[in-house]
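**Student:** What follows is a predicted structure for the sequence shown.
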Amino acid sequence: MATRPPRPNRPSAADDVRTGTSVEAWKRSVNENLLYGLGRVPVVATRNDKYLAVAMSVRDRLLKRWIHSGETYYRNEARTVCYLSAEFLLGPHLGITLLNLGGYDELEQALREEGEDLDVIIDQEEEPGLGNGGLGRLAACYLDSLATLRIPSIGYGIRYEFGIFDQVIRDGWQAEITDKWLQYGNPWEVPRPEIAFPVKFGGHTEHYQDQAGRNSVRWVAGREVKGVAYDTPIVGYRVNNANLLRLWKSEAAESFDLGAFNEGDYWGAVEAKVRSENITKVLYPNDVQLRGKVLRLEQQHFFVSCSLQDMIRIFLQRDSDLSRLHEKYATQLNDTHPAIGVAELMRLLVDEHGLEWDVAWNTTRKMFGYTNHTLLPEALEKWPVSLFGELLPRHLEIVYEINRRFLDEVRERFPGDEERIRRMSLIDEDGGRFVRMAHLACVGSHAINGVAALHTELLKRDVLGDFNDLWPEKFSNKTNGVTPRRFVALINRGLKKLLDEAVGDGWLSDLELLRGIEPLASDAAFRETWRRVKRQNKEALCREIAQKTGVVADPASLFDVQVKRIHEYKRQHLNLLHVVTLYRRLKRGGAAGVAPRTVIFGGKSAPGYRMAKLIIRAIHGVAEVVNGDPELRDRLKVVFLPDYNVKNCQRIFPAAELSEQISTAGKEASGTGNMKFGLNGAVTIGTLDGANVEILDAVGEDNFFLFGLTASQVAEKLRNGYVPWRYYEEDVELKDALDQLASGAFSRGDASLFQPLVDSLLNHDPFLVLADYRAYLDCQGEVSRAYQDEERWTRMSILNTARMGRFSSDRAIRDYCRDIWHVEPVDVDLDAHLLGSR
Ligand code: F58
């Protein structure tokens with residue numbers, strides 16, 4: 001075959017300034033973005049300017065994949081997953097995008113040759129904190145896996161102007177600072193002002209007969225806002241697929257502005273504008289309870305309505321029969337926050353597009369799947385009927401109609417069981433009337449899942465037991481997973497290198513391949529290298545600890561870590577009681593042979609959660625005394641790392657050796673931090689709760705420190721009248737630790753400071769801290785003994801990483817695709833001719 005000579009004057013693909021991957025191309029790209037994208041010359045460019053120029057260069061390469069993916073999916077009429085979530089806790093974008101795209105080394109070299117350090121530039125990025133904790137981070141891991149698995153998908157959510165607050169510590173107390181993540185610009189988002197939808201609130205409904213004589217409903221709104229799309233591309237790991245995260249920002253609807261202007265009411269128009277923009281102003285920072293906040297319901301309806309209208313718009317480009325909408329979209333409700341979508345889709349299909357109720361209902365149910373993330377009764381969303389009806393009068397009518405038909409179905413199945421009807425109704429009438437969002441989600445979905453095996457079982461038995469009786473086939477378990485790209489490759493380069501050398505780099509897209517390092521657990525040289533990597537990570541964390549808190553930690557000590565939201569059910573105070581007891585033993589000289597420890601805490605408290613804030617204060621009180629006590633000679637240190645978030649966790653997981661997963665059994669739906677720790681070679685001390693159960697099963701009981709009451713023992717104890725006092729009276733060390741807290745020994749003599757905490761434990765202790773104390777202490781004793789056998793500990797650590805394969809978010813997404821969404825991968829070819837190109 002004759003080869004054509006290369007055409008002159010045409011740069012090779014590798015050198016293209018927008019998409020090229022050579023060192024030269026990166027250099028030119030960064031410089032051009034600095035000059036023409038930002039209007040800066042290098043000599044005056046700030047570090048942020050440089051970050052923006054680099055980010056824009058990476059984005060250029062990303063957009064190429066994004067455009068091709070969009071075109072390919074459109075051409076293939078691909079079935080698409082829509083993940084509806086009020087939170088996406090993405091974490092910084094530059095590092096992970098570069099890792100997924102490839103090209104890190106070339107960009108690093110290009111910058112080095114210009115006198116810049118890529119890691120410093122990566123570190124410049126602000127955390128986009130559009131979530132509270134596990135639920136929001138899970139959504140972000142799932143986007144990463146959906147793209148990596150080449151599944152066409154759209155994440156739909158809210159573009160909060162202020163994300164989760166930044167935590168600062170003042171005198172040992174948490175204080176909150178607003179998160180101005182957008183103040184220096186966000187290079188990753190593409191505003192799409194032409195993609196905008198009206199969203200109505202308030203007003204009343206009018207029932208009328210349409211021209212064909214059918215009964216119809218018109219919703220005459222009290223006010224209307226506009227939702228505008230902001231798109232962020234999410235690229236998969238070493239694939240050409242880049243999917244869409246579409247977040248909605250609220251703005252004033254022009255029509256309303258105009259009306260007010262015409263009447264000369266300038267201030268009225270401005271006020272309406274401000275009110276409209278308020279909807280997406282701020283993320284609610286509560287991680288469990290959220291009740292009765294009308295703005296929160298506005299947020300939910302706002303983003304769900306925009307998303308469904310957008311899906312319908314896209315569908316109508318190719319098809320006109322909306323009864324087939326579910327064939328195009330598999331739509332997942334991430335908890336009940338988007339559950340209003342069930343009523344909204346019915347409204348759109350019936351009122352706006354003229355479908356018959358039964359046809360619309362069939363489509364709606366086939367569209368939605370619902371994931372539950374909590375068993376805590378106080379976390380189950382319900383809205384007062386009056387508030388709901390005022391804000392969404394048409395939706396309340398639709399909820400009533402869904403309920404009427406649903407309860408008829410229940411009556412038919414369980415004749416005469418009025419108690420069951422009362423329990424299952426979408427309307428809670430036990431003292432006040434409320435719309436139960438979990439019930440709406442269950443009735444409107446074809447699939448319902450929990451997030452770990454134990455959680456799903458408890459869900460089926462207790463919280464949603466009646467729904468399981470009615471529709472057992474709808475229920476399944478989908479154990480959570482985390483992305484190994486961010487949570488190993490990006491944050492733990494030492495470990496990545498070691499794993500690559502041992503098994504090749506295939507583990508990044510097939511985590512089960514880590515099994516390949518199992519035999520190396522008995523290889524002394526490998527263990528030595530493993531320890532060296534961990535030691536370097538611990539040293540890096542020590543530097544960060546010193547810089548952020550002033551505490552000097554010993555990298556040879558056991559790094560015992562609990563990082564997560566602060567909550568009584570997660571029992572940071574159980575951990576703290578262990579620390580106090582250890583301290584008292586050391587002081588008495590009764591702790592000979594105990595491994596030196598550094599106990600590290602991190603996590604935010606909801607701003608209005610007094611007990612959680614007091615726990616943070618208590619950790620600081622204990623830290624002050626312990627760290628300042630010269631007698632201890634560094635055998636115990638206590639650290640609270642402020643502002644735990646996706647960005648700040650990156651030094652923590654790689655350095656951790658002991659992972660604290662000590663929630664009261666039956667309370668933590670799954671946990672995902674437990675998986676991130678295990679992947680990075682930390683050994684878990686934990687209860688039989690959430691995914692701990694499956695982690696124990698995967699790593700084996702020799703490689704896990706198990707303690708505590710089981711979920712059924714917890715329930716039984718509470719049923720039989722739990723008396724925490726008894727434990728206090730019968731255990732001298734427990735009594736001593738609580739007395740110490742109450743005495744002022746950790747609060748500079750102020751005996752009243754921790755009284756509410758101690759009182760709560762002694763008199764109520766709803767999460768059975770005292771009941772589990774002795775078992776926890778004994779188990780920590782075993783940990784200490786195991787840690788002193790360096791070779792044994794290293795083996796445990798290696799086997800934890802090796803056996804974490806099933807906790808990849810890729811496995812989780814494959815499970816969803818197979819059992820719930822029924823979607824297939826789509827290949828994207830970057831050389832394909834673009835429809836839009838000339
Ligand atoms: C978490 N829920 C669960 N909720 O607590 C955790 O066990 C699980 O691993 C994780 O979901 C993922 O499935 C959680 O993070 C929230 O943050 C909500 C935010 C909005 C208000 C209600 C709580």
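**Tutor:** Great, that's in hand.
**Student:** Can you give me the buried ones in stretch 805-820?
**Tutor:** 805-813, 815-817, 820 (16 or more other C-beta atoms under 10 Å). C-betas here are computed from N, CA, C, even on glycine.
**Student:** From these, pick the one nearest the ligand.
**Tutor:** Checking the buried residues of stretch 805-820 against the ligand with C-beta to the nearest ligand atom, the nearest one is Ala812 at 10.0 Å.
**Student:** Before we move on, what's the pLDDT of that closest one?
**Tutor:** We have a pLDDT of 99 for Ala812.
**Student:** which SS class is Asn243?
**Tutor:** strand (DSSP: H, G, I helix; E, B strand; the rest coil).
**Student:** thinking again about what came up before, list just the nearest of the buried residues of stretch 805-820 to Leu308.
**Tutor:** Nearest to Leu308 among these: Ile820, at 18.7 Å, using C-beta to C-beta.
**Student:** Show me what the residue nearest to Thr178 when sequence neighbours are not counted bridges to in the sheet.
**Tutor:** Distances taken as C-beta to C-beta, 6 or more residues apart in numbering put Phe162 closest to Thr178, at 5.2 Å, once the chain neighbours are dropped. Beta bridges link Phe162 to Val282, judged by DSSP bridges.
**Student:** and Phe162, what pLDDT?
**Tutor:** Listed pLDDT for Phe162 reads 97.
**Student:** Tell me how far Cys442 lies from the ligand.
**Tutor:** For Cys442, the distance to the ligand (C-beta to the nearest ligand atom, to the nearest Å) stands at 17 Å.
**Student:** Oh, that last question was meant for Val561, not what I typed.
**Tutor:** Between Val561 and the ligand the computed distance is 17 Å (C-beta to the nearest ligand atom).
**Student:** residue contacts, that residue?
**Tutor:** By C-beta atoms under 8 Å, 6 or more residues apart in numbering, Val561 lies in contact with 599-602, 652, 655-660, 677, 682.
**Student:** go on, Lys281?
**Tutor:** So Lys281 contacts 160-162 (C-beta under 8 Å, 6+ apart).
**Student:** Among the residues you listed, find me the one that's closest to the ligand.
**Tutor:** Tyr160 (12.3 Å).
**Student:** tally of neighbours for the closest residue to the closest one other than its chain neighbours?
**Tutor:** Among residues not flanking Tyr160 along the chain, Leu283 sits closest, at 4.4 Å (C-beta to C-beta, 6+ apart). Leu283 has 23 neighbours, counted by other C-beta atoms under 10 Å.
**Student:** wait, Leu283 sits on Gly133?
**Tutor:** No. Look at Leu283 against Gly133 with C-beta atoms under 8 Å: they stay out of range, at 11.4 Å.
**Student:** pLDDT wise, what is the residue nearest to Tyr160 at?
**Tutor:** 97.
**Student:** Can you pull the phi and psi angles for it?
**Tutor:** Dihedral angles of Leu283 (phi, psi; degrees, to the nearest 10) stand at phi -80, psi 130.
**Student:** For it, give its distance to Gly185.
**Tutor:** Between Leu283 and Gly185 the computed distance is 20 Å (C-beta to C-beta, to the nearest Å).
**Student:** those strands in the stretch 451-600 of the chain, which residues are they?
**Tutor:** Ranges of strands in the stretch 451-600 of the chain, per DSSP state E, counting those that start in this stretch, are 475-477, 558-563, 597-602.
**Student:** Dump these into CSV; add mean pLDDT as well.
**Tutor:** Formatted as CSV, the strands of the stretch 451-600 of the chain follow (pLDDT from 0 to 100):
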stretch, mean pLDDT
strand 475-477, 98
strand 558-563, 99
strand 597-602, 98
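**Student:** Now tabulate those strands in CSV and tack on distance to Glu401.
**Tutor:** CSV is the format used below for the strands of the stretch 451-600 of the chain (distance: least, C-beta to C-beta, whole Å):
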stretch, distance to Glu401
strand 475-477, 25
strand 558-563, 46
strand 597-602, 48
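**Student:** Nearest to Val359 among these would be which one?
**Tutor:** Among these, strand 475-477 sits nearest to Val359 (C-beta to C-beta), with 26.0 Å.
**Student:** which residues sit against that closest one?
**Tutor:** 447-453, 455-457, 459-460, 464, 467-468, 819-820.
**Student:** which of those residues are close to the ligand?
**Tutor:** By C-beta under 6 Å from any ligand atom, the members of these lying near the ligand are Val451.
**Student:** And Leu316, its phi and psi?
**Tutor:** phi -70, psi -10.
**Student:** Could you do Glu116 as well?
**Tutor:** phi -120, psi 160.
**Student:** swap in Cys779?
**Tutor:** Dihedral angles (degrees, to the nearest 10) for Cys779: phi -60, psi -40.
**Student:** Let me see the contact set for it.
**Tutor:** 685, 705-707.
**Student:** Now tabulate those residues in JSON lines and tack on pLDDT.
**Tutor:** Compiled in JSON lines, those are given as follows (pLDDT from 0 to 100):
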{"residue": "Ile685", "pLDDT": "99"}
{"residue": "Phe705", "pLDDT": "99"}
{"residue": "Leu706", "pLDDT": "99"}
{"residue": "Phe707", "pLDDT": "99"}
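**Student:** Check those against Leu245 and report the nearest one.
**Tutor:** Checking these against Leu245 with C-beta to C-beta, the nearest one is Ile685 at 35.9 Å.
**Student:** I'd like the next helix or strand past the helix or strand bottoming out on mean pLDDT in the chain.
**Tutor:** Least confident helix or strand, the chain: helix 254-262 with a mean of 61, by mean pLDDT, DSSP states H and E. Downstream of helix 254-262, the first helix or strand assigned by DSSP states H and E is helix 266-278.
**Student:** name the helices or strands packed onto that following helix?
**Tutor:** Applying 3 or more C-beta pairs under 8 Å, 6 or more residues apart in numbering; DSSP states H and E, we find helix 266-278 packed against strand 223-235, strand 242-252, helix 254-262.
**Student:** Low-confidence stretches in the stretch 301-450 of the chain?
**Tutor:** For the stretch 301-450 of the chain, no stretch is flagged by pLDDT under 70.
**Student:** Spatially central residue (nearest the centroid) of the chain, please.
**Tutor:** Arg137 (1.9 Å; C-alpha atoms, centre = their mean).
**Student:** can I assume that one sits in a helix?
**Tutor:** Yes. Under the criterion used here (three-state DSSP), Arg137 sits inside a helix.
**Student:** coming back round to it: run a quick neighbour tally on the residue nearest to Thr178.
**Tutor:** 17.
**Student:** What of the one 4 residues further on?
**Tutor:** Summarising burial for Asp166: neighbours were counted as other C-beta under 10 Å, giving 18.
**Student:** For it, which residues are in contact?
**Tutor:** Contacts of Asp166 by C-beta under 8 Å, 6+ apart are 176-179, 643.
**Student:** The same query, at a cut-off of 6 Å, please.
**Tutor:** Shown in contact with Asp166 (C-beta atoms under 6 Å, 6 or more residues apart in numbering): 177, 179, 643.
**Student:** Please identify which of those residues is nearest to the ligand.
**Tutor:** Asp179 (15.7 Å).
**Student:** Secondary structure element holding that closest one?
**Tutor:** With DSSP H and E as criterion, Asp179 is part of no helix or strand.
**Student:** Looking at the strands of the stretch 451-600 of the chain, which is nearest to Val622?
**Tutor:** strand 597-602 (9.2 Å).
**Student:** so where's the protein uncertain?
**Tutor:** 1-12, 255-263, 287-292, 833-838.
**Student:** does the residue in the stretch 301-450 of the chain positioned nearest to the ligand count as helix, strand or coil?
**Tutor:** Closest to the ligand within the stretch 301-450 of the chain is His373: 3.9 Å, counting by C-beta to the nearest ligand atom. Three-state assignment for His373 (three-state DSSP): coil.
**Student:** can you list the residues of this protein near the ligand?
**Tutor:** 132-135, 138, 286-288, 290, 373-374, 379, 451, 480, 668-672, 690.
**Student:** in the stretch 351-500 of the chain, which spans are helices?
**Tutor:** Secondary structure of the stretch 351-500 of the chain (DSSP state H, counting those that start in this stretch): helices located at 357-367, 385-391, 393-413, 418-424, 437-443, 453-458, 465-470, 484, 493-503.
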